[in-house]
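J.: missing the sequence, but the structure's below:
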């Protein structure tokens with residue numbers, strides 16, 4: 001009986017059936033052995049997301065070889081593996097009674113495994129990849145493994161991992177959104193990942209620095225020329241991704257020069273945030289949230305606190321609180337509403353909308369039952385235009401239907417098609 005730990009039992013639990021194989025070992029005294037193996041795996045079923053889903057009865061050939069490589073140098077061996085769409089080649093330095101050391105290597109998915117001059121590279125070309133399905137699988141395996149301490153990869157295993165990637169995905173499903181024609185070039189050095197990303201929806205540079213200790217939050221930095229956020233195909237996972245405990249949220253340094261949401265140009269986005277501990281309470285501090293366009297500038301700071309004790313149901317039960325302090329400086333209220341999908345509602349208009357809000361829960365969804373705070377509006381020198389019944393009006397709280405009737409009685413020669421105003425001011429208190 002195998003005494004397997006970690007994720008190995010979960011992985012083997014998704015393999016069913018049996019398959020014959022051929023294995024050959026040849027050698028001579030004073031030289032390294034030569035090993036070859038083959039199986040078409042027709043009798044095995046694999047229950048994994050694509051491209052590693054395979055019913056019983058469908059072949060997915062597996063070939064491996066391990067042989068001396070005198071052309072590479074004395075004492076070196078070459079290891080080759082082919083498994084379905086995956087090909088891998090490594091040059092190894094092997095010594096008796098010691099784990100092999102990787103000299104260089106290459107991995108290809110639907111691409112040849114061409115050996116680089118140094119390091120380990122990966123070239124990936126996939127028509128479709130459902131990253132959400134792989135994420136759900138890893139979460140399921142991790143949850144099934146609760147109570148078992150995670151086993152970090154050994155130094156021997158880690159050296160087989162690529163430190164440079166060239167990836168092309170025709171259609172990537174991530175956070176329940178489709179990202180088209182994704183191209184990523186990534187490299188890993190000094191414990192830091194860096195990547196250039198280009199697709200129909202995003203282009204720019206990203207870097208990721210892991211936390212100082214295993215399990216601690218890292219730092220994400222991104223400089224994007226353009227980001228188009230596609231509509232969610234079903235239940236949105238973006239909010240779920242932000243629903244992690246505050247102590248697990250990374251520090252963020254993000255600039256997007258052009259942000260498009262639901263087909264609307266929002267403008268330039270800047271985000272600065274960091275994670276810290278305050279009297280034993282994890283806090284994710286949003287130091288800066290700026291959104292600017294020719295019509296307005298939105299600035300905000302916030303913090304998100306959670307308890308330190310997390311269990312299997314921490315997402316639902318852990319006490320959390322979000323506090324937000326914001327200000328919207330409006331240069332042209334009419335143009336701002338048009339960007340928000342409400343054209344011909346206002347003409348011109350300048351002023352501010354500011355407030356302080358707090359609610360129980362995470363930052364991506366306001367819990368109106370526990371919402372507290374205050375709001376203040378000061379809008380000047382604009383004109384309320386003619387609107388149709390049911391159209392959302394200024395700030396989404398006032399119905400202008402009665403104003404429309406006033407503006408269209410007998411005053412067209414004076415005010416035209418709208419109702420001008422010099423000042424609209426107000427304050428509000430919100431209590432749960």
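T.: Thanks, I have the structure now. Quantities reported herein were computed from a predicted structural model and do not represent experimental measurements.
J.: give me the low-pLDDT residue ranges for the stretch 151-300 of the chain?
T.: 151-152, 214-215, 232-248 (pLDDT under 70).
J.: which stretches of it form helices?
T.: Counting by DSSP state H, counting those that start in this stretch, the stretch 151-300 of the chain has helices at residues 155-158, 238-241.
J.: in what helix or strand does residue 382 lie?
T.: strand 372-384 (DSSP states H and E).
J.: Actually, residue 335.
T.: helix 333-339.
J.: Following that helix in sequence, what is the next regular element?
T.: strand 346-360.
J.: Run through the neighbouring helices and strands of that following strand.
T.: strand 320-330, helix 333-339, strand 372-384 (3 or more C-beta pairs under 8 Å, 6 or more residues apart in numbering; DSSP states H and E). C-beta coordinates here come from the backbone N, C-alpha and C atoms, glycine included.
J.: List the buried residues in that strand.
T.: Going by neighbour count (16 or more other C-beta atoms under 10 Å), the buried part of strand 346-360 is 346, 347, 349, 351, 353, 354, 355, 357, 358, 359.
J.: partners of it in the sheet?
T.: Sheet pairing of strand 346-360 (DSSP bridges) gives strand 320-330 (antiparallel), strand 372-384 (antiparallel).
J.: so which of the ones you listed comes closest to residue 70?
T.: strand 320-330 (62.3 Å; C-beta to C-beta).
J.: circling back: and the helices and strands packed on strand 346-360, which is most packed in?
T.: For those, the largest average neighbour count (mean count of other C-beta atoms under 10 Å) is found in helix 333-339, namely a mean of 21.
J.: Switch the strands paired with strand 346-360 over to JSON lines; also include distance to residue 68.
T.: Below are the strands paired with strand 346-360 laid out as JSON lines (distance: least, C-beta to C-beta, whole Å):
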{"stretch": "strand 320-330", "distance to residue 68": "59"}
{"stretch": "strand 372-384", "distance to residue 68": "72"}
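J.: okay, these in TSV with distance to residue 25 and mean pLDDT next?
T.: Below are the strands paired with strand 346-360 laid out as TSV (distance: least, C-beta to C-beta, whole Å; pLDDT from 0 to 100):
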stretch	distance to residue 25	mean pLDDT
strand 320-330	59	93
strand 372-384	73	94
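J.: Residue 8 is nearest to which of the ones you listed?
T.: Of all those, strand 320-330 sits nearest to residue 8, with 35.0 Å by C-beta to C-beta.
J.: wait, isn't residue 81 in contact with residue 106?
T.: No. Counting by C-beta atoms under 8 Å, residue 81 sits too far from residue 106 to count as a contact (11.0 Å).
J.: Could you tell me which residues touch both of these two?
T.: Contact with both residue 81 and residue 106 is made by residues 88, 89, according to C-beta atoms under 8 Å, 6 or more residues apart in numbering.
J.: In terms of neighbours, single out the busier of those two.
T.: residue 106 (22 against 17; other C-beta atoms under 10 Å).
J.: helix/strand/coil for the residue nearest to the more buried one when sequence neighbours are not counted?
T.: Using C-beta to C-beta, 6 or more residues apart in numbering and skipping residues adjacent in sequence, the residue nearest residue 106 is residue 113, 4.1 Å away. Per DSSP: H, G, I helix; E, B strand; the rest coil, the local secondary structure of residue 113 is coil.
J.: rewinding a little: now the helix holding residue 335: how far from the chain's centre is it?
T.: 30 Å (C-alpha atoms, centre = their mean, to the nearest Å).
J.: Need the contact partners of that helix.
T.: 264-267, 293-296, 330, 343-351, 379, 382-383, 385, 394.
J.: quick check: mean pLDDT across it?
T.: The pLDDT scores in helix 333-339 average 93.
J.: among the strands paired with strand 346-360, which is nearest residue 284?
T.: Nearest of these (C-beta to C-beta): strand 320-330, 9.3 Å.
J.: list the contacts for residue 377?
T.: 351, 352, 353, 395, 424, 425, 426, 427.
J.: any idea how far it is from residue 426?
T.: 5 Å (C-beta to C-beta, to the nearest Å).
J.: which parts of stretch 261-277 are buried?
T.: 266, 267, 269, 271, 272, 273, 274, 275.
J.: Residue 256 and residue 268 touch, don't they?
T.: Yes. Counting by C-beta under 8 Å, residue 256 does reach residue 268; the two are 6.8 Å apart.
J.: Count the residues that sit near residue 26.
T.: 9.
J.: Write down the beta-bridge partners of it, one by one.
T.: In this entry, residue 26 is beta-bridged to residue 34, by DSSP bridges.
J.: start to end distance for stretch 8-27?
T.: 32 Å (C-alpha to C-alpha, to the nearest Å).
J.: Surely the residue nearest to residue 106 touches residue 88?
T.: Yes. Using C-beta under 8 Å, residue 113 makes contact with residue 88 at a distance of 5.5 Å.
J.: Give the residues shared as contacts by those two.
T.: By C-beta under 8 Å, 6+ apart, the residues touching both residue 113 and residue 88 are 80, 106, 107.
J.: Show me these that map onto strands.
T.: 80, 106, 107 (DSSP state E).
J.: tell me which element the residue nearest to the last one when sequence neighbours are not counted is part of?
T.: Just to be clear, that refers to residue 107. Spatially, and ignoring its direct neighbours in sequence, residue 107 is nearest to residue 122 (4.3 Å; C-beta to C-beta, 6+ apart). Assigned by DSSP H and E, residue 122 belongs to strand 119-130.
J.: I'd like to know which elements the helix or strand following that strand is packed against.
T.: Downstream of strand 119-130, the next assigned helix or strand under DSSP H and E is helix 131-144. Judged by 3+ C-beta pairs under 8 Å, 6+ apart, helix 131-144 is in contact with helix 8-12, strand 164-174.
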